[in-house]
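# Okay, here's the prediction I keep looking at, along with the sequence it came from:
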Amino acid sequence: MGLLQEKLAKYDLPQQIKAQGVYPYFRCIESEQDTEVIMSGKKVLMFGSNSYLGLTNHPKVIEAAVEATRKYGTGCAGSRFLNGTLDLHLALEKELAEFVGKEDAIIYSTGFQVNLGVVS
């Protein structure tokens, strides 16, 4: 066995941390996403969520998502650049541009795409 394999065989820090109950990765959420969630049967505060306004479970948001799914299906089946721009993307961009007093606006579906599109 080589030196690297020996070191890897002895490395057990993640297992030690898991045994203490503080390993923060891949913890199963047993409820809807919200500012509080159920994990291991206990209600805990959710600090890692992107639901900043707490609207993830708002009845109007859920109904709008159901209606959009009925009309458009479960996804765009491609990037907006090639074949995934929907009429609702364009309508939202127009409304956002008017709201902020600009000629046009563009929306991205992830923070990564914003960085990729804006920074580069």
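Alright, I've got the coordinates.
# domains of the chain?
Annotated domains of the chain cover 3-45, 59-119 [automatic domain parsing].
# Output the ones you listed in a markdown table; the columns should cover mean neighbour count.
Just so you know, the C-beta spots here come from the backbone N, C-alpha and C atoms, and that holds for glycine as well. As requested, the domains of the chain are exported to a markdown table (neighbours: other Cβ atoms under 10 Å):
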| stretch | mean neighbour count |
| --- | --- |
| domain 3-45 | 10 |
| domain 59-119 | 11 |
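# Do a quick rundown of the strands in this protein.
36-39, 42-45 (DSSP state E).
# Can you say which of these is nearest to Gly54?
Gly54 lies closest to strand 36-39 among the strands of the chain, at 9.8 Å (Cβ to Cβ).
# Give the partner strands of the closest one in its sheet and their orientations.
strand 42-45 (antiparallel) (DSSP bridges).
# And for the partner strand, what's in contact with it?
Thr35, Glu36, Val37, Ile38 (Cβ atoms under 8 Å, 6 or more residues apart in numbering).
# Give me the distance between the first one and Asn83.
Put plainly, it is Thr35. Distance, Thr35 to Asn83, by Cβ to Cβ, to the nearest Å: 36 Å.
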